[in-house]
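J.: Give me the fold of what follows.
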Amino acid sequence: MRTTYLVCYDICDPKRLRKVFQTMRNYGDHLQYSVFECQLTEVDLVRCKAELSEIIDHQEDQVLFVNLGPSEGRGERVITALGKPYSPVDSPCYVI
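T.: Here you go, the predicted model:
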């Protein structure tokens, strides 16, 4: 079963930031500068956290995983916007 997560990160070093961004592209849809929406299994979540853990500086950087609940049966996305309208991403997520 897949669960939807909002993954947000604050990375202090530009080189690490690029690596985190490239890693996250393998796991979900890029919504904003440092925000991804990901539909992950438990194994995907563990893999993602392990990969990010190898990249980030645990004293300076932060990655947040916000559990939005099960992906199945959810219907439309639960994201709404204030200001510039939110544009849903229609591309599928491929986890390698």
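J.: Any regions of this protein where pLDDT drops low?
T.: Low-confidence segments of the chain, defined by pLDDT under 70: 73-83, 86-96.
J.: Is residue 35 bridged to anything, and to what?
T.: residue 8, residue 32 (DSSP bridges).
J.: so who does it touch?
T.: 6-8 (CB atoms under 8 Å, 6 or more residues apart in numbering). For every residue, glycine as well, the C-beta is placed using N, CA and C.
J.: How about residue 34?
T.: Here residue 34 is in contact with 8-11, 17, 21 (CB under 8 Å, 6+ apart).
J.: that older thread, in TSV: the contacts of residue 35, plus distance to residue 34 and neighbour count.
T.: Below are these laid out as TSV (distance: CB to CB, whole Å; neighbours: other CB atoms under 10 Å):
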residue	distance to residue 34	neighbour count
6	11	17
7	9	23
8	6	16
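J.: Would you convert those residues into CSV that also reports distance to residue 45?
T.: Formatted as CSV, these follow (distance: CB to CB, whole Å):
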residue, distance to residue 45
6, 13
7, 10
8, 15
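J.: from those residues, which is closest to residue 72?
T.: Comparing the contacts of residue 35 against residue 72 with CB to CB picks out residue 6 as the nearest, at 17.3 Å.
J.: looking at this, the closest one is in a strand?
T.: Yes: looking at residue 6 with DSSP: H, G, I helix; E, B strand; the rest coil, it is inside a strand.
J.: and it, how far is that from residue 14?
T.: 23 Å (CB to CB, to the nearest Å).
J.: Same check on residue 59?
T.: 17 Å.
J.: What segments of the chain are strands?
T.: Here the chain has its strands, by DSSP state E, at 3-10, 28-32, 35-40, 62-70.
J.: from the middle of its chain, how far away would the second one be?
T.: Going back to what we said before, that points to strand 28-32. Distance, stretch centre to chain centre, for strand 28-32: 7 Å (CA atoms, centre = their mean, to the nearest Å).
J.: and residue 40, bridged to which residues?
T.: Bridge pairing for residue 40 - DSSP bridges - gives residue 3.
J.: Let me know how buried it is, in neighbour terms.
T.: 23 (other CB atoms under 10 Å).
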